[in-house]
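Trainee: Give me the fold of what follows.
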Amino acid sequence: MKNLVVLLIVLLPFTAVAQTSPCTTQVYGDFSKELDWNCPVPSEETVVPRLDIPNASVPLAKDAKAPFAGLLLDQQRVLQLGLRITGLRRLLWIELKMAKEKQALAVDRAVEVTRQDAQVSDAQNKLLEARVNQLTGDLEVERAWYRSWTFGFVLGMTITSATAISIAVVAR
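Mentor: Numbering: from 1, shown residues only. Down below sits the predicted model:
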């Protein structure tokens, strides 16, 4: 019994250090590693209110008066609240992970839609450019000077005049 008391006294400082060891900063955006669920999350005060409860457990008989003012909870309720806080931390991490994945999927989809729209626009531009070149060529063929109405009229008048003059010269 004496050895047990000595052992407990020797181990007491180590348990105090383990309980008061500072938590590392939790980075909820890094999903490559699991977080320490016993440490508070950034801005946890908005999710879980801080209650200043003295770290003391006092056994009380039913309907007995408490020795100090404060919040009295049974052990089952304390465990339930602790599990709820841990659960809220995990839910926050899962929701952040899902939101990041959804955002990445939305960005990938927007990039793919934009790329496909650019491909369609390029194809349409090439088709329209080819059509413009074809119509320009057709217009140039139609506008050829020897196919114009004016050229035909002038040529007809010249041939008719030359024929009339040559007939008049031959008939004289």
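
Trainee: Please tell me how far Thr114 sits from Leu127.
Mentor: In this structure, Thr114 and Leu127 are separated by 20 Å, where distance is defined by C-beta to C-beta, to the nearest Å. The way it works is simple: take the backbone N, C-alpha and C, and place the C-beta from them, glycine included.

Trainee: State the helix or strand in which the spatially most central residue of the chain lies.
Mentor: With distances taken as C-alpha atoms, centre = their mean, Gln103 lies nearest the centre of the chain, 2.3 Å away. In this structure, Gln103 is located in helix 75-142 according to DSSP states H and E.

Trainee: now that helix, how far from the centre of its chain.
Mentor: Using C-alpha atoms, centre = their mean, to the nearest Å, the mean C-alpha position of helix 75-142 is found 8 Å from that of the whole chain.

Trainee: And the next helix or strand past that helix?
Mentor: The element immediately downstream of helix 75-142 (helix or strand, assigned by DSSP H and E) is helix 149-171.

Trainee: For this protein, which helix or strand comes out least confident on mean pLDDT?
Mentor: For the chain, counting by mean pLDDT, DSSP states H and E, helix 2-20 ranks last in confidence among helices and strands (a mean of 49).
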